[in-house]
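Novice: would you be able to build a 3D model of this:
(one chain, ligands or ions: 2)
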Amino acid sequence: MMTPPEIEGFEISGLLGQGGMATVWKARQLSLDRMVAIKVLSPRFAVDPEEIRRFCEEARATANLSHKGIVQVYDATFANGLYFVMEFIDGYTMGQWQRRKGSIGVADALIVAENVATALDYAWKQHGLIHCDIKPDNIMVDADGTVKVADMGLARTYTTMGGDCDDVLGTPNYMPPEQVQGKELDCRADIYALGASLYHMISGRLLFDGDPHDVMAAHMERQAPSIRFINSDVPVPVTLMIEKMLSKFAADRQQDWLQVLADVKRVEKNQAPAGVSADCVSSMGRDAETESYARSLGKKIVWKKPTQKKIILRAP
Ligand SMILES: Nc1ncnc2c1ncn2[C@@H]1O[C@H](COP(=O)(O)OP(=O)(O)OP(=O)(O)O)[C@@H](O)[C@H]1O
Ligand SMILES: [Mg+2]
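Specialist: Numbering: from 1, shown residues only. Ligands and ions are numbered 1, 2, ... in the order given. Now for the predicted structure:
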């Protein structure tokens, strides 16, 4: 049993969950009489005052984001520890859903992809922000079926606060090669991470499994098998779209979120993603059907602006 923290102005009502770096509590904010989620950062990440100051500053910058597809951050405070006060989501994460069901249907996964792409396009275009830790556990679905990206802006700060504790800095399971190498990142890093999340959700398997160091090396060097080797019911265009998102070189992926949205629209109509052909360097092992399909491509497809879709909620 964990003891709930005492935070002035809030009445803690229960534990929501625990991640690698923090514990999340459900609480009532007394002044505004609203339910919130409070993320309490483990004390071993809150040591250096200068880093804490920067952490709070960046979290407050994230509080300027306002989008229905992003879990709203209300405030960050330091009092006996580091707290983030954020929108309470009455629902579950895609990670919880996937673990419960084994895998997620293609149609639902595409709705997730579309909503995450729309939210991250907003964060990138309007605020120049990337997420850096897109994974099924940071994608939530609320009671009304709305898909929301959680922990926006926190991961980047985690990285700067990591110091010598990089063994607990989250999971490398969805990490693009350029992030493994510590290079400068842009929205294409999140596109890879969403690709790795879709691969996991749809196939029920991680792109690469094993010890974190091996997984990081695998993102740079190894080929994961095509999703169709795991589940041959997954349509070829969907596997090609995910394959494109997972290109080892950012230049071979969709170049921004609008291109991801365009590809989602195409594959929903069972059409191939843009620019994919047999000549594309694939980072995945393809099955014969995917290979011959890719070889036959070359048409141009027009894309219309998407409307927001919701997941029909089923208890995980
Ligand atoms: N805003 C929120 N509303 C409701 N529940 C939440 C909210 N944010 C997080 N949770 C719950 O708390 C759990 C832990 O979240 P947390 O972000 O600490 O861990 P994580 O995303 O699994 O991993 P990481 O430590 O890498 O971020 C989530 O899986 C989710 O169930
Ligand atoms: Mg999280």
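Novice: which residues in the stretch 151-300 of the chain form helices?
Specialist: For the stretch 151-300 of the chain, the helices defined by DSSP state H, counting those that start in this stretch cover 154-161, 177-180, 187-203, 212-221, 227-230, 236-245, 257-268, 288-295.
Novice: in this structure, which helix or strand is least confident?
Specialist: When each helix and strand of the chain is scored by mean pLDDT, DSSP states H and E, helix 154-161 comes last, with a mean of 52.
Novice: hmm, back to that, which one, of the helices of the stretch 151-300 of the chain, ends up nearest to ligand 1?
Specialist: Ligand 1 sits nearest to helix 154-161 of all the helices of the stretch 151-300 of the chain, at 7.2 Å, using CB to the nearest ligand atom. (Each C-beta comes from the backbone N, C-alpha and C, glycine too.)
Novice: tell me the pLDDT of the most centrally placed residue in the chain.
Specialist: With distances taken as CA atoms, centre = their mean, the residue of the chain nearest its centroid is Ile134 (2.1 Å). pLDDT recorded at Ile134 is 95.
Novice: where in the chain is pLDDT low?
Specialist: Within the chain, the set of residues satisfying pLDDT under 70 comprises 1, 45-47, 80, 155-170, 277-281, 298-316.
Novice: residues from it in reach of ligand 1?
Specialist: 16-22, 24, 37, 39, 71, 86-89, 93, 137-138, 150-151, 170 (CB under 6 Å from any ligand atom).
Novice: per-domain residue ranges of the protein.
Specialist: 10-87, 91-314 (automatic domain parsing).
Novice: of those, which approaches Pro4 most closely?
Specialist: Evaluated over those, closeness to Pro4 peaks at domain 10-87, with 4.1 Å, by CB to CB.
Novice: which ones are touching Ser13?
Specialist: 25-28 (CB atoms under 8 Å, 6 or more residues apart in numbering).
Novice: mind running it again at 7 Å?
Specialist: By CB atoms under 7 Å, 6 or more residues apart in numbering, Ser13 lies in contact with 26-28.
Novice: nearest to Pro177, of the residues you listed?
Specialist: Lys26 (37.5 Å).
Novice: for the closest one, give the beta-bridge partners.
Specialist: Judged by DSSP bridges, the bridge partners of Lys26 are Gly14, Ala37.
Novice: that older thread, among the residues of the chain next to ligand 1, which ones are buried?
Specialist: Among the residues of the chain next to ligand 1, those buried by neighbour count (16 or more other CB atoms under 10 Å) are 21-22, 24, 37, 39, 71, 86-89, 93, 137-138, 150-151, 170.
Novice: and the longest helix for the chain?
Specialist: helix 106-127 (DSSP state H).
Novice: correct me if wrong: Ser203 contacts Phe229.
Specialist: No: contact between Ser203 and Phe229 fails when scored by CB atoms under 7 Å: they sit 8.9 Å apart.
Novice: flag every residue of this protein that's near ligand 2.
Specialist: Neighbours of ligand 2 within the chain, by CB under 5 Å from the ion: 138, 151.
Novice: redo that, cut-off 8 Å
Specialist: 19, 22, 24, 39, 93, 133, 137-138, 150-151, 154 (CB under 8 Å from the ion).
Novice: in this structure Ile38 contacts Ala79, no?
Specialist: No: using CB under 7 Å, Ile38 is not in contact with Ala79, being 11.6 Å away.
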